[in-house]
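A.B. asks: fold the following.
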Amino acid sequence: MTKKIDITSTTVEKGLDLAKDFLDKLIIPSVEETGLLLKDKVTFWKFKNQVRTLNKAKAFCEKNNVSPKTISLKLLCPLLDYSALEENEELQDKWAILLTNMVDSTQNIENHVFPYILSQISSTEFSLLENVYDDKVIRQEKLKNELSEFEKGIPHVLEKIKKEVAKLEGKIEILREQHKNKQGWIRDVWKLEREKTKLENEPKTIERMKNQFKHKISEPQTIPEEELKEFEISNLIRLGLIRFVQKPYAHSQTLEIPYENDLEYSGLKTYTNIDLNIEIDSEEEYVQTELGELFIKACKLNE
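C.D. replies: Predicted coordinates:
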């Protein structure tokens, strides 16, 4: 004999009451406040978040004189779907800003992964990434100003070097012609030649310094990992927002080895410098990726 399933109103109502009571503890507003069916109540709560996001984005557009452009539903729908579940007020603002930047006709932000990434991180993780991004912007601005000042002085320095080299060449020529019969003249010439060679190498040193500036400017920003828990680091790595890097370096010791040259009678003592690498080590750190920087920038208003 087949046993019928009891679907009487009493049984269903008891199950619904239990579900409503549990749902009341999970979401705000409570189920009773809306007066809708269980499914509709969740939908209504999500809808209110979507409306809030759209209204905030509209306000951001008006405040920042953004002329909205049409974006594809493939981009808009996931953004609204993800933002509908956001309860954190600070992150709700980020959703609105992300939408604002995506509809900004002066920008070209059409990365479909940004809404997914924003749905996958906590306010703590976002705040840290934003601080790291801001620190890099400040660091880059400072270094760019220093590089600009450095480059302004290069023509003057090069001209000064050119004049000094010309003076030394003149002195060397005079020594060769007037004092070649005097004892020690070779030593004097050798000193001037050495000074001249050093000056002639200065432009290369200047170029290296410029490249060092540019390298420091382009370096990724270090993540203060002590401010993150291990699972947060793993999450940010998973999303491609940070990465682990190793910077190898060697401890070296310089030895000076004297040698005799052809000018031994001049009384000069010269040395050959040899760098001996005695130990190789590395610095380990987490840095913000290019994707991480683009993501944070997409969630920030242009100021």
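A.B. asks: where does pLDDT dip in the stretch 51-200 of the chain?
C.D. replies: Scanning the stretch 51-200 of the chain for pLDDT under 70 picks out the ranges 179-185.
A.B. asks: gap between residue 47 and residue 188?
C.D. replies: 90 Å (C-beta to C-beta, to the nearest Å). For the C-beta atoms, the positions are set from N, CA and C on the backbone; glycine is no exception.
A.B. asks: ugh, typo on my part, it should be residue 128
C.D. replies: 63 Å.
A.B. asks: do the same with residue 111
C.D. replies: For residue 111, the distance to residue 188 - C-beta to C-beta - is 68 Å.
A.B. asks: same question for residue 164.
C.D. replies: 17 Å.
A.B. asks: longest helix of the chain?
C.D. replies: helix 123-178 (DSSP state H).
A.B. asks: and that one, what does it pack onto?
C.D. replies: helix 89-102, helix 185-200, helix 202-218, helix 230-238, strand 270-288, helix 290-298 (3 or more C-beta pairs under 8 Å, 6 or more residues apart in numbering; DSSP states H and E).
A.B. asks: deepest of the ones you listed, which one?
C.D. replies: Of all the helices and strands packed on helix 123-178, helix 89-102 carries the top mean neighbour count, a mean of 20, counting by mean count of other C-beta atoms under 10 Å.
A.B. asks: got the angle between the longest helix of the chain and helix 230-238?
C.D. replies: 70 degrees (axes from the mean of the first three to the mean of the last three C-alpha atoms, to 10 degrees).
A.B. asks: chain center to helix 123-178: distance?
C.D. replies: What separates the centre of helix 123-178 from the centre of its chain is 23 Å, taken as C-alpha atoms, centre = their mean, to the nearest Å.
A.B. asks: what distance do you get for residue 145 to residue 220?
C.D. replies: 20 Å.
A.B. asks: swap in residue 159?
C.D. replies: 37 Å.
A.B. asks: can you check residue 78 too?
C.D. replies: 28 Å.
A.B. asks: same question for residue 113.
C.D. replies: On the measure of C-beta to C-beta, residue 113 and residue 220 end up 19 Å apart.
A.B. asks: neighbour count winner among those two?
C.D. replies: Legend: neighbour count by other C-beta atoms under 10 Å for residue 113 and residue 220, higher for residue 220 (18 against 13).
A.B. asks: need the contact list for the closest residue to that one other than its chain neighbours.
C.D. replies: Nearest-residue entry for residue 220: residue 287, 3.9 Å, with adjacent residues in sequence omitted and distances by C-beta to C-beta, 6 or more residues apart in numbering. By C-beta atoms under 8 Å, 6 or more residues apart in numbering, the contact list for residue 287 reads 220-223, 242-243, 245.
A.B. asks: got phi/psi on the closest residue to residue 96 other than its chain neighbours?
C.D. replies: Spatial nearest neighbour of residue 96, chain neighbours left out: residue 56 (3.4 Å); criterion: C-beta to C-beta, 6+ apart. Main-chain torsions, residue 56, degrees, to the nearest 10: phi -70, psi -40.
A.B. asks: could you give the number of residues near residue 56?
C.D. replies: Other residues within reach of residue 56, judged by other C-beta under 10 Å, total 19.
A.B. asks: ok, and what's touching the helix or strand that contains residue 118?
C.D. replies: Assessed by DSSP states H and E, residue 118 sits inside helix 113-119. Helix 113-119 is contacted from outside by 75, 78-79, 82-83, 85-86, 91, 94-95, 98, 102, 126, 239, 241, 295, 298-299, using C-beta under 8 Å, 6+ apart.
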